[in-house]
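**Student:** with the sequence up front, the predicted model follows.
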Amino acid sequence: MRKQKNYAGLLITGLLFLSLTACSSDNEETPQKEIAIELPSSLSMVYGEQQEIALPSDVLNASDLQVTLDFSLNENVKVNASEFLNVKLAKAVTINKESGKIILNSGLLYANSSVSGISNIKLPDTYKISVNVSSDGQNFQGKQTIDLKVTPAKISVKGLDSKTDIQAAYVIYGDAAIFELETLYNVSADMNWAIENQSSIGADVSLSSNFLKFAANAGDPNKKLEKAYEVNPVLLKDGFRVASTTLRVIFIPKIKFFFGTYYPEYDLTILLNNLHIALSNGYVSAAPNLSPETYKSTFAITGIKKDGQTFTDSNDTFSINEKTGSITVKKETTLTAGAYEITVKALTTTGLEFLTTLTLNMSKLEE
């Protein structure tokens, strides 16, 4: 009888163990499946740009989707008196809960790799944004890190071609050299303009707000030789560069353009721009003088007047040699006597344009 009781006890104990094991298995949670989010691994933005990143549809389909952003992979440097980098990132990179899109506003950040002129702190080469998604209902989780690169915006110089890598301007000695700097974005209170290479170009160039000014004595002291400056204006935020450009300004001697002769050794000008010729005869003028000749490029007629009134040259009587500027009058019997004033434009190698006139007084030859 004692053995039978022992067997019964063992049986009950075994059944209880199996029951507890089964209950334990039922309560154990199934591990969440790891999924690939399939977002871009890297992004590049120009400072001030905004961008949206859509999560994959199979992730967005989860009704209980949880999306979080983490910036802890960045060195959390102090970027101004009261804020750290990760605080800036949390403001610049957010999630739109309605659309499920990640919103990036680079205008709330700084250009990467920039060094603050205030604190001497260097920003990372990229900003690391970790995106975490999970769903209990669909039993998945995923994580991906995006490397965001923000590059400086380009500063435009009003009136110059901003599409070129280096914006360039020619200034004639004696003319004011003031350039207005512009950006596509508002300049906030935490921003300021500066000249990055101020120490190398000296006091010849200065900034007043967003106006770049050259001193009256900039360039060659004798104002006879070309002198070029390459200036690097920048827009700083909390001391970090957010926009920049390179401006090349070339000072050149005064350009003389007229019909006549110029003697540079004496700075003597003899005008031959009012001539008398026979009516109806063909005529070829001397080429105009453009000094210094190194700036000579092309010439064109921009208008003709007869006795002060606009003259329409329907017969193409007047023409110009584009390379030399010499005026040709075709032999033409339909012309009537009078003073024909021809306006000639010289386009120089600098891009600067100059105008002069040649007046041909036509009259019949006395018999």
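**Tutor:** Structure received.

**Student:** excluding chain neighbours, what is closest to Gln66?
**Tutor:** Distance criterion CB to CB, 6 or more residues apart in numbering; nearest residue to Gln66, sequence neighbours excluded, is Ser134 at 4.9 Å. Using the backbone N, CA and C atoms, a C-beta is placed for each residue, glycine as well.

**Student:** residues touching the one you found, list them.
**Tutor:** Contacts for Ser134 (CB atoms under 8 Å, 6 or more residues apart in numbering) come out as 32, 65-66, 140-142.

**Student:** roughly how far apart are it and Ile53?
**Tutor:** 18 Å (CB to CB, to the nearest Å).

**Student:** now swap in Asp165 and tell me
**Tutor:** 30 Å.

**Student:** so for those two, which residue has more residues nearby?
**Tutor:** Higher neighbour count among Asp165 and Ile53: Ile53, with 16 against 7, using other CB atoms under 10 Å.

**Student:** which non-adjacent residue is nearest the more buried one?
**Tutor:** Ile53 sits nearest to Ile102 (CB to CB, 6+ apart), 4.2 Å away.

**Student:** how about the one you found, phi and psi?
**Tutor:** For Ile102, the backbone dihedrals are phi -90, psi 130 (criterion: degrees, to the nearest 10).

**Student:** touching, it and Gln50? I think so.
**Tutor:** No: the pair Ile102 / Gln50 is not scored as a contact, 11.5 Å apart, by CB atoms under 8 Å.

**Student:** please, which helix or strand holds Lys91?
**Tutor:** Using DSSP states H and E, Lys91 maps to helix 85-92.

**Student:** and the residue nearest to Gln66, that one's in a strand?
**Tutor:** Yes: secondary structure of Ser134 (DSSP: H, G, I helix; E, B strand; the rest coil): part of a strand.

**Student:** tell me what Ile144 is bridged to.
**Tutor:** Rather than Ile, residue 144 is Gln. Val131 (DSSP bridges).

**Student:** for it, give me its contacts.
**Tutor:** Gln144 neighbours (CB under 8 Å, 6+ apart): 36-39, 41, 130-131.

**Student:** look up how far Ile35 lies from it.
**Tutor:** Relative to Ile35, Gln144 is positioned 10 Å away (CB to CB).

**Student:** now do the contacts for the residue nearest to Ile53.
**Tutor:** When contacts are counted by CB under 8 Å, 6+ apart, Ile102 is found next to 39, 52-53, 55, 69, 93-96, 131.

**Student:** before we move on, what about Leu207?
**Tutor:** 193-195, 213, 233.

**Student:** host element of it?
**Tutor:** Assigned by DSSP H and E, Leu207 belongs to strand 205-208.

**Student:** give me the pLDDT value at Thr13.
**Tutor:** With respect to pLDDT, Thr13 has a value of 46.

**Student:** which ones are touching Glu226?
**Tutor:** Here Glu226 is in contact with 220, 250-253 (CB under 8 Å, 6+ apart).

**Student:** low-confidence ranges, this structure, go.
**Tutor:** Applying pLDDT under 70 to the chain flags residues 1-29, 366-367.

**Student:** ok, 80 please
**Tutor:** For the chain, applying pLDDT under 80 flags the ranges 1-31, 365-367.

**Student:** let me see the ranges of the helices in it.
**Tutor:** For the chain, applying DSSP state H gives helices covering 2-27, 57-60, 85-92, 198-201.

**Student:** quick one, what contacts Leu236?
**Tutor:** 117, 191-194, 242.

**Student:** 7 Å instead?
**Tutor:** For Leu236, the contact set (CB atoms under 7 Å, 6 or more residues apart in numbering) comprises 117, 191-192, 194, 242.

**Student:** ok, Met362 next?
**Tutor:** Counted by CB under 7 Å, 6+ apart, Met362 has contacts 277, 279, 335, 337-338, 340.

**Student:** change it to 6 Å
**Tutor:** Contacts here follow CB atoms under 6 Å, 6 or more residues apart in numbering; on that basis Met362 touches 277, 279, 337.

**Student:** for Thr317, see how far away the nearest residue to it once chain neighbours are set aside is.
**Tutor:** Counting by CB to CB, 6+ apart, Leu279 is the residue found nearest to Met362 once chain neighbours are left out, at 4.3 Å. Here Leu279 is placed at a distance of 12 Å from Thr317 (CB to CB).

**Student:** one step back: nearest to Thr246 among the contacts of Met362?
**Tutor:** Thr246 lies nearest to Ile277 out of those, by CB to CB, at 51.3 Å.

**Student:** what is the burial count for the nearest residue to that closest one once chain neighbours are set aside?
**Tutor:** Nearest non-adjacent residue to Ile277, counting by CB to CB, 6+ apart: Tyr283, 5.0 Å away. Tyr283 sits with 15 neighbouring residues when counted by other CB under 10 Å.
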